[in-house]
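Enquirer: dropping a prediction and its sequence here:
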Amino acid sequence: MTTMTFADAVREGLAEEMRRDPLVWALGEDLSTAHGGTSANQYLGLIEEFGAKRIVNTPISENTIMGAAVGAAVAGTRPVADLRMADFGMCAVDELVNQAAKIRYMFGGQARVPLVVRQAIGMRKGGAAQHSQSTEAWYVHTPGLVVVAPGTPADGRGLLKSAIRADDPVVFMEHKDLWSTKGDVPDDEGMVPIGEAKTLREGSDLTIVSWSRMAHLAVEAAETLAADGTSVEVIDLRTLWPWDKVTVYASVAKTGRLLVAQEAVQVGGFASEIAADVTENCSTDLKTFPRRIGAPRMPVPYAEPMENEFRVTTERVVAKAREALDA
Amino acid sequence: MTTMTFADAVREGLAEEMRRDPLVWALGEDLSTAHGGTSANQYLGLIEEFGAKRIVNTPISENTIMGAAVGAAVAGTRPVADLRMADFGMCAVDELVNQAAKIRYMFGGQARVPLVVRQAIGMRKGGAAQHSQSTEAWYVHTPGLVVVAPGTPADGRGLLKSAIRADDPVVFMEHKDLWSTKGDVPDDEGMVPIGEAKTLREGSDLTIVSWSRMAHLAVEAAETLAADGTSVEVIDLRTLWPWDKVTVYASVAKTGRLLVAQEAVQVGGFASEIAADVTENCSTDLKTFPRRIGAPRMPVPYAEPMENEFRVTTERVVAKAREALDA
Amino acid sequence: MSETDQPRNTPARIFELYKTMCLIRAFEERAEDAFDEGFINGSIHQYIGQEAVGTGVCSNLRRNDYILSNHRGHGHSIAKGADPEAMMKELMGRVGGTSGAKGGSMHIADFSVGMLGANGVLADGLTMGVGAAQAITLKGDDSIVAVFVGDGTTNRGPFYEALNWAMVYELPIMFVCENNTYASSTLTRSVTAGDGPVARAKAFGMPAFDVDGNNVVAVDALATDLIARVRSGQGPHFLHARTYRVKGHISRDKLLYRRDGETEENWENEPLGQCASWLADNGLNEADLRSAHAAAYAQIDTAVTAAKESPFPDAALAYEDVQDFGPPEPWAGTGDAA
Amino acid sequence: MSETDQPRNTPARIFELYKTMCLIRAFEERAEDAFDEGFINGSIHQYIGQEAVGTGVCSNLRRNDYILSNHRGHGHSIAKGADPEAMMKELMGRVGGTSGAKGGSMHIADFSVGMLGANGVLADGLTMGVGAAQAITLKGDDSIVAVFVGDGTTNRGPFYEALNWAMVYELPIMFVCENNTYASSTLTRSVTAGDGPVARAKAFGMPAFDVDGNNVVAVDALATDLIARVRSGQGPHFLHARTYRVKGHISRDKLLYRRDGETEENWENEPLGQCASWLADNGLNEADLRSAHAAAYAQIDTAVTAAKESPFPDAALAYEDVQDFGPPEPWAGTGDAA
Ligand SMILES: Cc1ncc(C[n+]2csc(CCOP(=O)(O)OP(=O)(O)O)c2C)c(N)n1
Ligand SMILES: Cc1ncc(C[n+]2csc(CCOP(=O)(O)OP(=O)(O)O)c2C)c(N)n1
Ligand SMILES: [Mg+2]
Ligand SMILES: [Mg+2]
């Protein structure tokens, strides 16, 4: 085990895959140089090891970063395209959804599109409306895509490696506020399989399902509730599509209560899918209907008091959990 | 009352608003000329009446069609931007979601963005993967946007008019297979308010909530079920955000059973939001948990047998309804 | 399709190109008939009048070179060597279609001959094309990429991104702009500023050349030259072919937006006739020309018959080739389909 | 800001521009201090070294003309006449901020002076700008639009779409490309093919001119000329200003990607010093220059103090100005907030 930051762990994972397979390469803006405070730090030092043909510093051309990744994947390589933030990812939705996600099917299996697209999600203090969005629900709703949203350094590294080796296009969503967080990373290959959730905390009264940064808040909420004598199980999905129904259903069978917590806007979010699915598939296990917690349907405000008002906080998760526990 | 096609009714609605308000204008590809078989037919004759400054035939530049509409709305006009299909709308997600939806909020109310963006949804025979998508769930999930999806000529006309007069950006989603369908259109102004559902059929055993073309299939399903002696209420939401919770909750209070039927891919779709919401808010009224029916999570195939296999048919709606009724 | 080791512009070579053009023409005409008879769903975008471009370009490509096409992809596919019978099956949604009948006309593709797909979204082939070229440089292949783009599509932003990108990374790619005058019902020049695609490409430092796109001899000669340059590592090149979309945008299009006589005037310059004259002037026997023409139609008629006789695919095949991870719920051919 | 009826290039006029530049410089320096002290969240993109561009351009605009900016919007705002105190409050997220503290630095805007917003997404101001210009023609106004775009952003597709669009509809718009050499940590020329923005604009038939962007006298003169042309109905024009981003991309940026001495060399050409020399050469009293400079800093210091003393907005204001239709559920300041 080594302790490292999320950013370092993911960079390690990328470097390891690039060493293993010469057809793995990365492209994106500012990948070749140090840069204060953006995701570009995640590529520090890689150009020195792998050269400018495999760590490709691109023009500001989101359509082409994504489109070129699709073309290069179809032509037999494994690109990792970095769009920096899900907000900028919106500039390349077409190439991701109309091309990457559909090519294998639409061409009857003649081609695969083994690419990874990194699009960081989540709020950072002062990020405001255009640098804070969490759009995982869109891509879960898009056939052809795999969606992962790791919450720890080990999962970031392990899932990036699995994503790179996968033959499906994978949307890799890192939370910007996780980059600097630290955690233990195994010294071995450390693969984390796509589609497997992790139970962060066992419990018997309520299941909280979450992912990415919100999973940490869910654990905090569980700790708060433990003080009341309530036993909360926390599941970090890690992969959003395909999500680990086996683990979630089993947990709900045990606890009979479900809360899905997400940072994204609640209306139309992924939590709604999980809640609706569990409602349909675990009806006999449920002691009360599943609850959701997510952000209000409004853009992210800038000033701190408003921003805090907007946030899905641990307290809000606790309050929702109590609602489920009291029902 | 006059009987006319959906396409004609919507064109009428646009022309009426353009006569009423000189700041209303339309922009999009091929708007100025007749063209076999595309949405451009919806503008036939308008350039003759309103001139090329108000019926603007644009270059193939989706980013700018959407971006220019935002700029023009902010600068005091009311543009109707036509992106033809939700599939091409993906080329302008950024301008819609990052700009149109956020400007009012992000600038603290200094500006409004009164625009309408037309993005046709839905499958047509042989449309295949890139001309068939229904993406309403994405925009319901996007703060700042209003989403409408009318199912009849009268609703198409009336909702377009409301959308044009609204100060919020409105995503106007027409089903391509509805354009040629006929219906009665009132001779008066015929406004249809944003946010009001329409009960297409009253019933007491089950509520089917739907919208756009699927609402017609829901009515067919209700007719089939009536032959069994089951009484099904069918609600056409018409507006997806904000959706008419008053009408839906009241219906569920009466029937105790809910099925939400959509043409879009089920996973992560808008039906999940409605199901989750009703589960939370009508729990005491529900005799059984809400059901959803939507397309499988795969791209739309071309060949007819596969396409039919993929479709959410009346039979599938009936089968799901029976499941709810038998529970 | 054919290799590049033949001498240029010989009657023998041009005769081969003529045969390819006849095959495309026959395919497009018969596809229209089949469409009108209800054998094809959706819509078809025909290549009639533009045959010389795809043919003249692809005749200079090798099998392992890639092409990326657009919505008007039948001609490109045939020119690159796809089997017209499998293509016709694809259009009719039958077993044996190039894409297993999952894509249809607008997504025609044949990866076995390097045809990486038609495309229902304008300009996306361009950005994918530069990516394919980047993959080539990474793999150290000696193949190259040709991308086809319509005049109207040159007003979409990704076109410029792709031009810049190709130059920055000095990629082995040729851009082929087929200027057929129209974009759907719009006269492209009415919505295009400046001197057009060649001037625009040059502004990115890309060598760009203009050619009469209805003259296959000229297209072939220019393509031979430019592709040789691309292949020898001289970076991206731009070929602009002036042509005319003789038919409607899609087969159903009634062309109401054209002035009287316009189509007919332009029909006089159509590429097959021009090529036949050149061949006749260069000693080809008229009977050989006629029989080549007839052979093409015969081949396509056979393809049409075979396609009509081929069964529709089993509905359950719909669930194949979706993705490795995650089922296509809520149903997946598991018998719960109504 | 100021009207265009003054004689050009008089010392009196240039002295006014100097004052505006000092105000921008002071604002940016003090904003960095405030950021370092923890008064500002997110990130700030400073305009230091580029003051002559925004100032020289906006001095030729009227209050009812529009500008659209990018992420680096403080200087544009001040030059267009926004109140630096309200701006500083916006940056610090306080009551009285230009956008009610909802937007912060990257979304600085003041519609009352025609500043239609900074933008966190590159190039979107360009397409919005052509739309604003289209609205002007529809309304029959006599105002015009100026859009600011960075060098790096000229590689995004929407830039070209906007150029073409502006020309096709002959819109009253001026594109101002601020070529400050860098795009974040990337040397723009390393990812830009051909002869750059001027050549690219010309390929769309747009009159395009290059100017030393650190020389406010030159920028002002060219802008006067081009804006007069735009205003008189001669269609879109392109102004390319060569400058240099003296500071980091954002204030935290440590500039590790620059060679030693690069910043210092370029600092010698910074616009305020140049302008001060010109004014001294043209008879301005050095004491007047110094006191103008000091006055700018004094004004900004007052703004900073006022901002720090201004309260944070009530959290409940978060729920205002979302949209007319539909509540911001699941909570909306209704007291259910934990
Ligand atoms: C992004 C996008 N916008 C619009 C369309 C609809 N559309 C299909 S073909 C076409 C015209 C294309 O014109 P051009 O590029 O000249 O090609 P041509 O049809 O003439 O071969 C349009 C607008 C589309 N398929 N994709
Ligand atoms: C669409 C998009 N892509 C990427 C970014 C991240 N980003 C912000 S500023 C910037 C560099 C812009 O360079 P340039 O246009 O030269 O402007 P400058 O910062 O030099 O003023 C980048 C890449 C963004 N905000 N939006
Ligand atoms: Mg064309
Ligand atoms: Mg720059």
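Expert: Good, I have the coordinates. Residues are numbered from 1 along each chain as shown, chains lettered A, B, ... in the order given. Ligands and ions are numbered 1, 2, ... in the order given.

Enquirer: spell out which parts of the stretch 151-300 of chain C neighbour ligand 1.
Expert: Within the stretch 151-300 of chain C, the residues that sit near ligand 1 (C-beta under 6 Å from any ligand atom) are C:151, C:152, C:153, C:180, C:182, C:183, C:184, C:188, C:245, C:249. Every C-beta, even on glycine, is put in place using the N, C-alpha and C of the backbone.

Enquirer: need the contact list for residue A:270.
Expert: A:136, A:137, A:140, A:240, A:262, A:264, B:268 (C-beta atoms under 8 Å, 6 or more residues apart in numbering or on different chains).

Enquirer: from chain D, how far out is it?
Expert: Residue A:270 sits 15 Å away from chain D, going by C-beta to the nearest C-beta, to the nearest Å.

Enquirer: in strands only, show me the contacts of residue A:270.
Expert: Helix and strand membership here follows DSSP state E; of these, those in strands are A:240, A:262, A:264.

Enquirer: got the buried residues for the lengthiest helix in chain C?
Expert: Ranked by residue count under DSSP state H, the longest helix found in chain C is helix C:11-36. Using 16 or more other C-beta atoms under 10 Å in any protein chain shown as the burial criterion, the residues of helix C:11-36 that qualify are C:13-28, C:30-32, C:34-35.

Enquirer: ok, now stretch C:88-103?
Expert: Those buried within stretch C:88-103 under the rule 16+ other C-beta under 10 Å are C:88-94, C:96-103.

Enquirer: list the contacts for the residue of the stretch 1-150 of chain C found nearest chain D?
Expert: Using C-beta to the nearest C-beta, the single residue of the stretch 1-150 of chain C nearest to chain D is residue C:123, 8.5 Å away. Contacts of residue C:123 were listed using C-beta under 8 Å, 6+ apart, and they are B:60, C:149, C:153, C:156, C:157, C:158, C:159, C:162.

Enquirer: how about the strands in the stretch 1-150 of chain A?
Expert: All strands of the stretch 1-150 of chain A, identified by DSSP state E, counting those that start in this stretch, fall at A:2-5, A:24-28, A:55-57, A:78-85, A:116-120, A:146-148.

Enquirer: try the stretch 51-200 of chain C
Expert: Per DSSP E, counting those that start in this stretch, the stretch 51-200 of chain C has strands spanning C:66-68, C:145-150, C:173-179, C:182-183, C:186-187. These are given in chain order.

Enquirer: ok, so of the contacts of residue C:123, who is nearest ligand 2?
Expert: The shortest gap between ligand 2 and any of these belongs to residue C:157, at 11.6 Å (C-beta to the nearest ligand atom).

Enquirer: show me where pLDDT drops low in the chain?
Expert: If you meant another chain, say so; for now it's chain A. Residue ranges of chain A with pLDDT under 70: A:34-40.

Enquirer: hm, I was asking about chain C
Expert: C:1-8, C:333-338.

Enquirer: my read is that residue A:47 contacts residue A:55, right?
Expert: Yes: taking contact to mean C-beta atoms under 8 Å, the distance of 4.2 Å between residue A:47 and residue A:55 places them in contact.

Enquirer: shared neighbours of these two, anything?
Expert: A shared contact of residue A:47 and residue A:55, defined by C-beta under 8 Å, 6+ apart, is any residue touching both; here these are A:31, A:32.

Enquirer: more crowded one of those two?
Expert: Looking at residue A:47 and residue A:55 with other C-beta atoms under 10 Å in any protein chain shown, you find the greater number of neighbours at residue A:55, namely 22 against 18.

Enquirer: hey, what's that one bridged with?
Expert: Going by DSSP bridges, residue A:55 is paired in beta bridges with residue A:26.

Enquirer: my guess is it contacts residue A:28, does it?
Expert: No: Residue A:55 is not in contact with residue A:28 according to C-beta under 8 Å; the separation is 9.1 Å.

Enquirer: find residues that contact each of those two.
Expert: Taking C-beta under 8 Å, 6+ apart as the criterion, residue A:55 and residue A:28 both touch residue A:43.

Enquirer: show me where chain C has helices.
Expert: Going by DSSP H, chain C shows helices at C:11-36, C:51-58, C:74-80, C:84-92, C:124-139, C:157-168, C:197-202, C:216-231, C:262-267, C:271-281, C:286-309.

Enquirer: among those, which comes closest to residue D:284?
Expert: Of all the helices of chain C, it is helix C:157-168 that lies closest to residue D:284, at 44.3 Å by C-beta to C-beta.

Enquirer: re the thing from before, give the other helices and strands that the longest helix of chain C contacts.
Expert: If contacts are counted by 3 or more C-beta pairs under 8 Å, 6 or more residues apart in numbering or on different chains; DSSP states H and E, helix C:11-36 sits against helix C:51-58, helix C:74-80, helix C:84-92, helix C:216-231, helix C:271-281, helix C:286-309.

Enquirer: tell me which of the ones you listed sits most buried.
Expert: Across these, the average number of neighbours (mean count of other C-beta atoms under 10 Å in any protein chain shown) peaks for helix C:51-58, which reaches a mean of 31.

Enquirer: mind giving me the domain ranges of chain A?
Expert: A:2-185, A:198-326 (automatic domain parsing).

Enquirer: around ligand 3, which positions in the stretch 51-200 of chain C sit nearby?
Expert: Taking C-beta under 5 Å from the ion as the contact definition, the stretch 51-200 of chain C meets ligand 3 at C:150, C:151, C:152, C:180, C:183.

Enquirer: can you name the residues bridging to the residue nearest to residue C:325 when sequence neighbours are not counted?
Expert: Leaving aside its sequence neighbours, residue C:325 sits nearest to residue A:146 (C-beta to C-beta, 6 or more residues apart in numbering or on different chains; 4.9 Å). The residues listed as beta-bridge partners of residue A:146 by DSSP bridges are residue A:170.
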